[in-house]
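Chemist: Fold the following.
(2 chains)
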There are 2 protein chains.
Amino acid sequence: MKAKLIEFDIAARFRKKKKTFAIAESCTGGLVSHRITDVPGSSRYYRGGVVAYSNAIKISILGVPKELIKKHGAVSRQVAKAMAFGMRSLTGADIVAAVTGIAGPSGGTPEKPVGLAYISVLSNKSCTIKKVLFEGSRMEIKTVFAEAVLKEIKKKIGA
Amino acid sequence: MKAKLIEFDIAARFRKKKKTFAIAESCTGGLVSHRITDVPGSSRYYRGGVVAYSNAIKISILGVPKELIKKHGAVSRQVAKAMAFGMRSLTGADIVAAVTGIAGPSGGTPEKPVGLAYISVLSNKSCTIKKVLFEGSRMEIKTVFAEAVLKEIKKKIGA
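Modeler: Model prediction:
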């Protein structure tokens, strides 16, 4: 049996449950949205995404408070959560994911190394935040982050 | 000699000219943004993107007039242009691209078939709109659309 890519599994669950989805991405740069939209019929549940590749866009489009970024850094639990809440305000989607991290090769620090990301997934019942840390090239890190985001979405939508 | 992927070529030009970039995608679903952000250092010129996968997001986030979508359809020269102007208003980027089209397999009509897209690229000097039409599977169409968008961006940024 051929294993299904996780985005096809997610799509089936969203359509079965008649729930909608939106995402705010930083370090994955649009890859999660790209994978979600590889599935035919994804426009039935996927509202859209924001690729917030600069702090200015996190603030202006997603409404992340400037002070939160200053206090905790753009790559933090707090900012991941604020991105998810901001994306929900913009779209009204039932389930919203957000990811902020460092794909590298530059931008890492001893405290927040390349390969670190925070993933937040929000439903009307709960908000979960997951920390992930991987080693690899920029493209490998993007790929692994995106897969991790899709896994968190799958957990949130449920069986 | 190994040919460079176009996103690396584009990145070098943006960085040389110290120009910034943003994109509003519909049918490519985040793939252009994903390719742009595969390049290390892309955060120096790439502000971010909006994946406007529903008309609601084209209207609410990008500010595309509802009447324009009603009159010309979401897949039209007029909406591509309005998406680009909306994305510029949101980000202030020097060069802004927008793409709206039909990746299929459903959603096509005799007048606007699967594989049709309009690509708009905007600088502070000019706004160009290109119509493209391809045949293929959903994933092939997304790939070819994204490549076409990257080519239009490269033309606009110049040598």
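Chemist: Restrict the lengthiest helix in chain A to CA atoms and write it as CSV.
Modeler: Longest helix in chain A, counting residues (DSSP state H): helix A:138-157. This file holds the C-alpha atoms of helix A:138-157, laid out as CSV (Å, rounded to 0.1, in the frame of the first residue of the first chain):
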residue,chain,number,x,y,z
ARG,A,138,18.3,25.5,4.9
MET,A,139,16.2,23.5,2.5
GLU,A,140,16.2,20.4,4.8
ILE,A,141,15.1,22.5,7.7
LYS,A,142,12.3,24.1,5.8
THR,A,143,11.1,20.6,4.7
VAL,A,144,11.3,19.2,8.2
PHE,A,145,9.6,22.3,9.7
ALA,A,146,6.7,22.0,7.2
GLU,A,147,6.2,18.3,7.9
ALA,A,148,6.1,19.1,11.7
VAL,A,149,3.5,21.9,11.1
LEU,A,150,1.4,19.5,9.0
LYS,A,151,1.6,16.9,11.8
GLU,A,152,0.4,19.4,14.4
ILE,A,153,-2.5,20.4,12.2
LYS,A,154,-3.5,16.8,11.8
LYS,A,155,-3.5,16.3,15.6
LYS,A,156,-5.7,19.4,16.0
ILE,A,157,-8.3,18.5,13.4
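Chemist: which other helices and strands contact it?
Modeler: Judged by 3 or more C-beta pairs under 8 Å, 6 or more residues apart in numbering or on different chains; DSSP states H and E, helix A:138-157 is in contact with helix A:6-17, strand A:21-25, helix A:31-36, strand A:95-101, strand A:116-122, strand A:127-133. Every C-beta, even on glycine, is put in place using the N, C-alpha and C of the backbone.
Chemist: Near chain B, which residues of chain A are found?
Modeler: For chain A, the residues in contact with chain B (C-beta under 8 Å from any C-beta of the partner chain) are A:25, A:28-34, A:36-38, A:40-43, A:46-54, A:56-57, A:60-61, A:90-91, A:103-107, A:138-139, A:142.
Chemist: again, 6 Å this time
Modeler: A:29-31, A:33-34, A:37-38, A:40, A:43, A:46-54, A:57, A:105, A:138-139 (C-beta under 6 Å from any C-beta of the partner chain).
Chemist: Pull out the buried members of those residues.
Modeler: Among the residues of chain A next to chain B, those scoring as buried are A:29-31, A:33-34, A:37-38, A:40, A:43, A:46-54, A:57, A:138 (criterion: 16 or more other C-beta atoms under 10 Å in any protein chain shown).
Chemist: So which of the residues you listed sit within helices?
Modeler: A:31, A:33-34, A:57, A:138.
Chemist: which one of these is nearest chain B?
Modeler: A:Ser33 (3.1 Å; C-beta to the nearest C-beta).
Chemist: pLDDT at that closest one, what is it?
Modeler: Note for A:Ser33: predicted pLDDT of 98.
Chemist: Looking at the ones in helices among the buried ones among the residues of chain A next to chain B, which is nearest B:Val114?
Modeler: The closest of these to B:Val114 turns out to be A:His34 (C-beta to C-beta; 18.5 Å).
Chemist: Quick check: which element contains A:Ser106?
Modeler: According to DSSP states H and E, A:Ser106 maps onto no helix or strand at all.
Chemist: tally of neighbours for the residue nearest to A:Ala82 when sequence neighbours are not counted?
Modeler: Once flanking residues are discounted, A:Ala82 sits nearest to A:Val64: 4.4 Å by C-beta to C-beta, 6 or more residues apart in numbering or on different chains. Using other C-beta atoms under 10 Å in any protein chain shown, A:Val64 is surrounded by 26 other residues.
Chemist: and if you look at the one 5 residues further on?
Modeler: Other residues within reach of A:Ile69 by the criterion other C-beta under 10 Å amount to 19.
Chemist: where does chain A dip in pLDDT?
Modeler: Low-confidence segments of chain A (pLDDT under 70): A:1-2.
Chemist: picking up where we left off before, what angle do strand A:95-101 and the longest helix of chain A make with each other?
Modeler: 150 degrees (axes from the mean of the first three to the mean of the last three C-alpha atoms, to 10 degrees).
Chemist: centre of the chain versus helix A:138-157, how much separation?
Modeler: Put simply, helix A:138-157 sits 8 Å off its chain's centre (C-alpha atoms, centre = their mean, to the nearest Å).
Chemist: Any buried residues in it, and which?
Modeler: If you call a residue buried by 16+ other C-beta under 10 Å, then helix A:138-157 has these buried ones: A:138, A:141-154, A:156-157.
Chemist: likewise stretch A:95-105?
Modeler: Neighbour-count burial for stretch A:95-105 [16+ other C-beta under 10 Å]: A:95-104.
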